[in-house]
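*Asks:* turn this into a structure:
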Amino acid sequence: MYIVGMIRNNFKLSKAIVYAPLAGISDSPSRKLAVRFGADMTVSELISSEGIIRNSKKTLELAGFDNSERPIGLQLFGANPDSMAEAARILSSLNPDFIDLNFGCPARKVVGKNGGSSVLRNLKLFKEIVNQVINAVDLPVTVKMRSGWDSRNLTYMEAGKIAEDCGAAAVTLHSRTRAQGFTGKADWSQIAQLKNELTIPVIGNGDIKNVTDVKLMFDQTGCDGVMLGRVSIGNPWIFRRIKEYLKSGNIPPEPSFRERINLALEHFDMTLDEFGIPRAIYKMRSRFAWYLKGMPEASIIRARINRSRSVEEIKEIILGYSLDLRNNTAYQEAPGGTTCIQRN
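*Replies:* The predicted structure is shown next:
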């Protein structure tokens, strides 16, 4: 369950659990928490190659990290091979552990610029980008992609072989097409097929909804790592729980209400330190919603947080809510830690 090697041409994984790149979510504080709770590897939010070569301050901020987030990859997107190569050279000076190339993002603002999963419609361009970036840096280069543009254009196998032939260190496959977005069901058989054809590590991605899904993906696909993102939002404990389940076969309990509230407040403080006011307040609103998901009267607390404009008020709301939960005998947590029971 650990990364056992990460140098160029020797990127070895063994049942690694990887924190996915999530736009607007997988920032530095979130990556630090993911590693603390057991993620074997993290990847940055997607970074525009054009923004990097134009020295955009906002884009460069996305590439910031510290050693507590390692092993970390910085993820680039773009459709110009020269720009991607130059951006990779610039990012390599920050000394990440690897460079990851995004050919999977389905967002319109990315696809509209011919980046992300749009490149999968032009495998000649795909090859040029991968080849130029690999030749530009002295770091492992990995590829993250979708299975194709749509169900009639499944290019994952050809793209995977191209990436390997160019010298990519690993391939991550989100086994949905761009047309699917995040709907429908991920086809894990595609991950298994790609693993059978490639000699470099293959990381599976898509439809990881709970602790047991990770073992299912390993068992069904033979992949070298599993990447998870959305299921970990407001739930960094899942990395530790996955590790424990893979080791013992027992599903560890969910975090208690108190643990969730305490970590939400710590995450808030980390985000304040990283981004300051008001950015941290805006960024954390959706995170609080995830931390409180399923808790008693969470919708009321979320609404109050969203109306608040000050750090002090937000903390007062959350601490008051925590106190109410402890003092209110109408609620009792079940052994799993998250079930609310009404006493009559």
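*Asks:* rest of the way, CA atoms for contacts and neighbours
*Replies:* Will do.
*Asks:* where do the helices sit along the stretch 151-300 of the chain?
*Replies:* 156-166, 188-197, 211-221, 237-248, 257-275, 279-291, 298-307 (DSSP state H, counting those that start in this stretch).
*Asks:* could I get those as a markdown table with mean neighbour count?
*Replies:* Formatted as a markdown table, the helices of the stretch 151-300 of the chain follow (neighbours: other C-alpha atoms under 10 Å):
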| stretch | mean neighbour count |
| --- | --- |
| helix 156-166 | 20 |
| helix 188-197 | 19 |
| helix 211-221 | 17 |
| helix 237-248 | 19 |
| helix 257-275 | 18 |
| helix 279-291 | 18 |
| helix 298-307 | 16 |
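*Asks:* so which helix or strand takes in residue 74?
*Replies:* strand 72-77 (DSSP states H and E).
*Asks:* any chance you could list what contacts that strand?
*Replies:* 21, 41-49, 63, 84, 87-88, 91, 96-103, 115-116 (C-alpha atoms under 8 Å, 6 or more residues apart in numbering).
*Asks:* mind doing that once more with 7 Å?
*Replies:* For strand 72-77, the external contacting residues (C-alpha atoms under 7 Å, 6 or more residues apart in numbering) are 41-49, 63, 96-102, 115-116.
*Asks:* buried ones from the residues you listed, can you make that a ChimeraX selection?
*Replies:* To isolate the buried ones among the contacts of strand 72-77 in ChimeraX, judged by 16 or more other C-alpha atoms under 10 Å, type:
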select :41,42,43,44,45,46,47,48,49,63,96,97,98,99,100,101,102,115,116
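*Asks:* which ones among the contacts of strand 72-77 are found in helices?
*Replies:* residue 49 (DSSP state H).
*Asks:* quick revisit: identify whichever of the helices of the stretch 151-300 of the chain lies nearest to residue 14.
*Replies:* Relative to residue 14, the nearest member of those by C-alpha to C-alpha is helix 211-221, separated by 10.4 Å.
*Asks:* which parts of stretch 176-185 are buried?
*Replies:* Buried-residue list, stretch 176-185, by 16+ other C-alpha under 10 Å: 176-178, 180.
*Asks:* for those residues, which one is nearest residue 214?
*Replies:* Closest to residue 214, out of all of those and judged by C-alpha to C-alpha, is residue 176, at 17.0 Å.
*Asks:* what pLDDT does the closest one get?
*Replies:* Looking at residue 176, its pLDDT is 91.
*Asks:* give the contact list for it.
*Replies:* 146-147, 186-187.
*Asks:* out of those, which are buried?
*Replies:* Buried among the contacts of residue 176 by 16+ other C-alpha under 10 Å: 146-147, 186-187.
*Asks:* residues touching residue 247, list them.
*Replies:* With C-alpha under 7 Å, 6+ apart, residue 247 has no contacts at all.
*Asks:* now residue 302: closest residue in space that isn't a chain neighbour?
*Replies:* Sequence neighbours aside, residue 289 is the residue nearest to residue 302 in space, at 6.0 Å (criterion: C-alpha to C-alpha, 6 or more residues apart in numbering).
*Asks:* so where's the stretch 51-200 of the chain uncertain?
*Replies:* Of all residues in the stretch 51-200 of the chain, none has pLDDT under 70.
*Asks:* so where do the strands sit in it?
*Replies:* Taking DSSP state E, counting those that start in this stretch as the criterion, the stretch 51-200 of the chain carries its strands at 72-77, 98-103, 141-148, 170-177.
*Asks:* in a markdown table: these, plus distance to residue 132.
*Replies:* Shown next, in a markdown table, are the strands of the stretch 51-200 of the chain (distance: least, C-alpha to C-alpha, whole Å):
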| stretch | distance to residue 132 |
| --- | --- |
| strand 72-77 | 13 |
| strand 98-103 | 12 |
| strand 141-148 | 11 |
| strand 170-177 | 16 |
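*Asks:* that older thread, which one of the buried ones among the contacts of residue 176 is nearest residue 80?
*Replies:* The nearest one, if we look at those relative to residue 80 and count by C-alpha to C-alpha, is residue 146, at 19.2 Å.
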